[in-house]
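Visitor: Predicted model, plus sequence, below.
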Amino acid sequence: MIEAKGGKNKLEKLDKEGNIEQVKLWDSDSKEGAKNPHKKGDPNFNSIEKYAVNGAYHYAKIILVDEQLRFEEFKLASSYFKNGKEVKVSTDGIFNITPTKKKINANTISFGGRYPYVARGESQNGIRGYINFDENYLNPEKTISFGQDTATMFYQPKAYFTGDKIQVFSLNSKHGELNEKIATYLITAVRKALVNFAWGQSSFALEVISELNVMLPVDKYDRLNLNYMENYIRAIEKLTIKDVVEYKDKMIALTKKNI
């Protein structure tokens, strides 16, 4: 899967016919020692990698032509822990929910270390700072931290420590591996499902939220459609870049007009 967010000052690229240029084929082999070697006839993704509109169009087409796409409800949890014992919920559940390995009191530590310290704040990915601590208590990377009394959810790409009332959401291995884009889609879907919950730890008790139904895309084999989630987020990113670039251009033009 290629990554495509758009390069600086590159909004769109058109072909000779005035159409938004998409994936082409290389017309020659790359030079010896090239950073990204290719052969003649290989797909050339440069336009959708470097130009915001081209990338958005590319991923939007993938999303729209997926005629096999359907949505199904999944339980939030495959399993969770209560009083130190694992509670099974659904084999198809989205996450395995585990308590943080150690609740570290922020008043007992000094910041300025190596590893993220995740609390229940709503900014900076929930990261309050960076600390040094016993690495045996690190929570695994590529998981989602969940503030149990605030319902704050953030993807954590690196191993991390936490404070109190944090649960760790690991993607059920049956569905695949979590990355930032899939996590972004899942977090949005879970937040939507939680919209009617009231603030407070009792409302977000694990025995309650573990049974929460979350509507998610599935493929023709009824498997969680992670590819769709990634492409959807890529398209949104591209469209956001397009809007920002157009806004910047309008502000520049307005400024020049009034100077």
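Guide: Perfect, I can see it now. Numbering: from 1, shown residues only.
Visitor: Arg70 versus the closest residue to Pro140 other than its chain neighbours, what's the distance?
Guide: Excluding its sequence neighbours, the residue lying closest to Pro140 (CB to CB, 6 or more residues apart in numbering) is Ala159, at 6.3 Å. In this view, the C-beta of every residue, glycine as well, is placed from N, C-alpha and C. Distance from Ala159 to Arg70, counting by CB to CB, to the nearest Å: 36 Å.
Visitor: so where's the stretch 51-200 of the chain uncertain?
Guide: 51-68, 198-200 (pLDDT under 70).
Visitor: Give me the pLDDT value at Gln22.
Guide: You'll see Gln22 listed with a pLDDT of 59.
Visitor: same question, Glu230
Guide: At Glu230, pLDDT is 88.
Visitor: can you pull out the strands in the stretch 51-200 of the chain?
Guide: Here the stretch 51-200 of the chain has its strands, by DSSP state E, counting those that start in this stretch, at 70-75, 77-82, 85-88, 95-99, 115-118, 127-131, 143-147, 153-156, 161-162, 166-171.
Visitor: most packed of these?
Guide: Comparing those by mean neighbour count (mean count of other CB atoms under 10 Å), strand 161-162 comes out on top with a mean of 26.
Visitor: Does anything pack onto that one? Which helices or strands?
Guide: Judged by 3 or more CB pairs under 8 Å, 6 or more residues apart in numbering; DSSP states H and E, the packing partners of strand 161-162 are strand 115-118.
Visitor: who touches the strand it packs on?
Guide: Defining contact as CB atoms under 8 Å, 6 or more residues apart in numbering, one finds that strand 115-118 is touched by 104, 106, 109, 111, 125-133, 135, 138, 145, 154, 156, 158-163, 166.
Visitor: circling back to that earlier point, closest to Leu206 out of the strands of the stretch 51-200 of the chain?
Guide: Judged by CB to CB, the one of these that comes nearest to Leu206 is strand 77-82, at 4.6 Å.
Visitor: neighbouring contacts of that closest one?
Guide: 86-99, 167, 172, 174, 206-207, 209-211.
Visitor: measure Ser123 to His38 for me?
Guide: Relative to His38, Ser123 is positioned 41 Å away (CB to CB).
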